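> The following comprises the amino acid sequence and a computationally predicted model.
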Number of protein chains: 2
Amino acid sequence: MNKNVTALPKTALPKTSLPKTARGAATRARIVDAATALVRARGAANTTIDAVIEASKASKSQVYHYFADKDELVLAVIQRQAECVLGTHEGLLRKLNSLAGLRRWRDAVVELTEQTNCAGGCPLGSLAAELSETPRTRAALAESFARWAGYFEAAFARMQARAGKTPAGDLRALSEAMLASLQGGLLLAQTLRSTRPLELALDMAIEHVAARLKL
Amino acid sequence: MNKNVTALPKTALPKTSLPKTARGAATRARIVDAATALVRARGAANTTIDAVIEASKASKSQVYHYFADKDELVLAVIQRQAECVLGTHEGLLRKLNSLAGLRRWRDAVVELTEQTNCAGGCPLGSLAAELSETPRTRAALAESFARWAGYFEAAFARMQARAGKTPAGDLRALSEAMLASLQGGLLLAQTLRSTRPLELALDMAIEHVAARLKL
DNA sequence: CGAATATTGGACTGTTTAGTCCAGTTACTT
DNA sequence: AAGTAACTGGACTAAACAGTCCAATATTCG
């Protein structure tokens, strides 16, 4: 895939149309949804277009009508998965403004991980590990992580405000450390099939936040 | 690959011989070394046997003489990479017995990451993200992580002993949190192409260790 | 030496894969 | 209704792929 010696930038000329009717939009969505589930289960490299076609009940011409090639589809999968993960965490973090709230978020994450027997790891983290060496996928994933960190940052700011502290300390740094703990904890949980490393990593990060925010 | 409905356990009958002469051992080593480099660069799923053959200057019959199938070769790659990574970190951690030493280890890791422009992430972490959903590869990776945590644990024990403290606290938990920070920091560093999240995660973990060990 | 065993070269097979192509159908517009 | 554009079905191609096979060459050892 994309082993050309002269790999041109993909965005040059679009060549692939966005859906222009509701029916087309539904087809495209079915394809992306099926691809997202398959990539989640087997990774991008192990997901074939034919499998996506079968799972989405689409035809080959439909896939190539909306996506120039497999790389484009994978990019759409990243965006779809990011929407989903960031949506979940934005919901969990949106109104958070206390250490107790942060601990409830921790419990929710652990619970979610337990429910899948620690399998699969973080949907976004797994994509990041596989797709961080190609520019466009890397950029999409980097942006997603940045937005994720932004949700933490906003929550920490609310925590600080609520405690009557003047906004101080590097909240961005704090949120990056939190995200790193989460990702590392989820990866170890996946490999060791235990939520323990995840719990330990998150508890450490929460303590760190409390200390830095003087809460 | 291995899509049989009746997937038998692989260890049943070996069918593949270990090298019995020095020449054979050298061939096998060449194959594993080449495969390890390719898997590191492109992931296991994107590494073909043919590419391994070309890179190692071996022939197809040589590969299948020493490995029953691609899965077996990937397993050998995991073991090889684990040897390498654990060897490096064991060397760095072996004589460590102080907070200052831990900070030097941190600097070495950051330095190493910088030298590759944050590309590739952790060689073992990347394998873990890709290969934690198949039993044998997952088991090999879990064991490697456990050994890695063991090196931290031993270092923390020395730190505690040197400070004249009685061995207290859950050193295992501390080392798992440290490993999680390292893995999460390396993943974010890889995706964001910046050592900053790695530095933040490691500094947080070191502070945590200091606090728990009362150093 | 000479038999037995280990190793090697590489052609070959059957399957899977990404991607192409075009004829046919559906929906929108006027 | 007719013309245009969007969408769809699926056969087809060329390349890549994992894995097989066997004849040939080395190496070991009694």
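The structure has been received and is ready for your questions.
> interface residues of chain A facing DNA strand D?
A:17, A:19-21, A:23-25, A:27, A:58-62, A:64-65 (CB under 7 Å from any atom of the strand). Glycine gets a C-beta too; all of them are placed from N, C-alpha and C.
> A:Ala35 reaches A:Ser56, doesn't it?
Yes: A:Ala35 lies in contact with A:Ser56 (CB atoms under 8 Å); the separation is 7.5 Å.
> Could you list the low-confidence segments of chain A?
By pLDDT under 70, the weakly predicted segments of chain A are A:1-15.
> neighbours around the residue of chain A found nearest DNA strand D, how many?
In chain A, no residue comes nearer to DNA strand D than A:Gly24, which is 2.1 Å away by CB to the nearest atom of the strand. The number of residues packed near A:Gly24 is 15, by other CB atoms under 10 Å in any protein chain shown.
> cool, A:Arg23 as well?
Residues lying near A:Arg23 (other CB under 10 Å) number 9.
> Show me which positions of stretch A:87-101 end up buried.
A:89, A:92-93, A:96-97, A:99, A:101 (16 or more other CB atoms under 10 Å in any protein chain shown).
> so which strand or helix has the spatially most central residue of chain A?
Of all residues in chain A, the one closest to the mean position by CA atoms, centre = their mean is A:Leu124, 3.0 Å from it. In this assignment (DSSP states H and E), A:Leu124 forms part of helix A:123-131.
> Packing partners of the helix or strand following that helix?
Moving toward the C-terminus from helix A:123-131, the next helix or strand (DSSP H and E) is helix A:135-162. Applying 3 or more CB pairs under 8 Å, 6 or more residues apart in numbering or on different chains; DSSP states H and E, we find helix A:135-162 packed against helix A:70-93, helix A:99-115, helix A:123-131, helix A:171-192, helix B:171-192.
> How is chain A partitioned into domains?
Domains of chain A are assigned by automatic domain parsing as A:16-68, A:79-212.
> I'd guessed A:Lys70 sits against A:Ile49; true?
Yes: taking contacts as CB under 8 Å, A:Lys70 lies within contact range of A:Ile49: 6.1 Å.
> Comparing the two, which residue is more hemmed in?
Neighbour tally, A:Lys70 and A:Ile49, criterion other CB under 10 Å: the higher count belongs to A:Lys70, 19 against 16.
> Quick check: the gap between the more buried one and B:Thr191.
Distance of A:Lys70 to B:Thr191, given as CB to CB, to the nearest Å: 21 Å.
> just A:Gln81 next, same as before
Using CB to CB, A:Gln81 is found at 14 Å from B:Thr191.
> Quick check: most distant residue from the centroid of chain A.
Chain A, farthest from centre, CA atoms, centre = their mean: A:Gly164 at 32.7 Å.
> Quick one: classify that one as helix, strand or coil.
Under DSSP: H, G, I helix; E, B strand; the rest coil, A:Gly164 falls in the coil class.
> re the thing from before, which one of A:Gln81 and B:Thr191 is surrounded by more residues?
Comparing A:Gln81 with B:Thr191 by other CB under 10 Å, the one with more neighbours is B:Thr191, at 30 against 24.
> The more buried one reaches A:Ala140, doesn't it?
No: counting by CB under 8 Å, A:Ala140 is not a contact partner of B:Thr191; they are 9.9 Å apart.
> one step back: among the residues of chain A next to DNA strand D, which one has the most neighbours?
Of all these, A:Thr27 has the most neighbours under the rule other CB under 10 Å, reaching 20 neighbours.
> check contacts around that one.
A:19, A:58, A:62, A:66 (CB atoms under 8 Å, 6 or more residues apart in numbering or on different chains).
> For those, give me TSV that also has distance to B:Arg106 and secondary structure.
Below are the contacts of A:Thr27 laid out as TSV (distance: CB to CB, whole Å; DSSP: H, G, I helix; E, B strand; the rest coil):
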residue	distance to B:Arg106	secondary structure
A:Pro19	50	coil
A:Ala58	50	coil
A:Gln62	51	helix
A:Tyr66	47	helix
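> tell me the two of these that are most distant?
Spanning the widest gap among those are A:Pro19 and A:Ala58, at 12.4 Å by CB to CB.
> ok, back up a step: ok, now how distant is the residue farthest from the centre of chain A from chain B?
Going from A:Gly164 to chain B by CB to the nearest CB, to the nearest Å gives 25 Å.
> Helices - which of the residues of chain A next to DNA strand D land there?
If you go by DSSP state H, these have A:23-25, A:27, A:60-62, A:64-65 in helices.
> circling back to that earlier point, could you give the angle of the helix holding A:Leu124 to helix B:171-192?
60 degrees (axes from the mean of the first three to the mean of the last three CA atoms, to 10 degrees).
> tell me which residues in helix A:123-131 are buried?
So, applying 16+ other CB under 10 Å, buried residues of helix A:123-131: A:123-131.
> Quick check: of these, which lies closest to B:Arg147?
Within the buried residues of helix A:123-131, proximity to B:Arg147 (CB to CB) peaks at A:Ala129, which comes in at 20.8 Å.
> Tell me who's in contact with the closest one.
Applying CB under 8 Å, 6+ apart to A:Ala129 gives the contacts A:187, B:121, B:125-126, B:129-130, B:187, B:190.
> if you set the cut-off to 6 Å instead, what comes out?
A:Ala129 is in contact with B:126, B:129, counting by CB atoms under 6 Å, 6 or more residues apart in numbering or on different chains.
> what do you get for A:Glu207?
A:Glu207 neighbours (CB under 6 Å, 6+ apart): none.
> Regarding it, which helix or strand does it belong to?
helix A:196-212.
> In that helix, which residues are buried?
In terms of neighbour count (16+ other CB under 10 Å), helix A:196-212 has its buried residues at A:196-209, A:212.
> ok, these vs A:Arg106, which is closest?
The closest of the buried residues of helix A:196-212, once distances to A:Arg106 are taken by CB to CB, is A:Leu202, at 4.6 Å.
> my guess is that closest one contacts A:Arg104, does it?
No: with contact defined as CB atoms under 6 Å, A:Leu202 and A:Arg104 do not form a contacting pair (11.7 Å).
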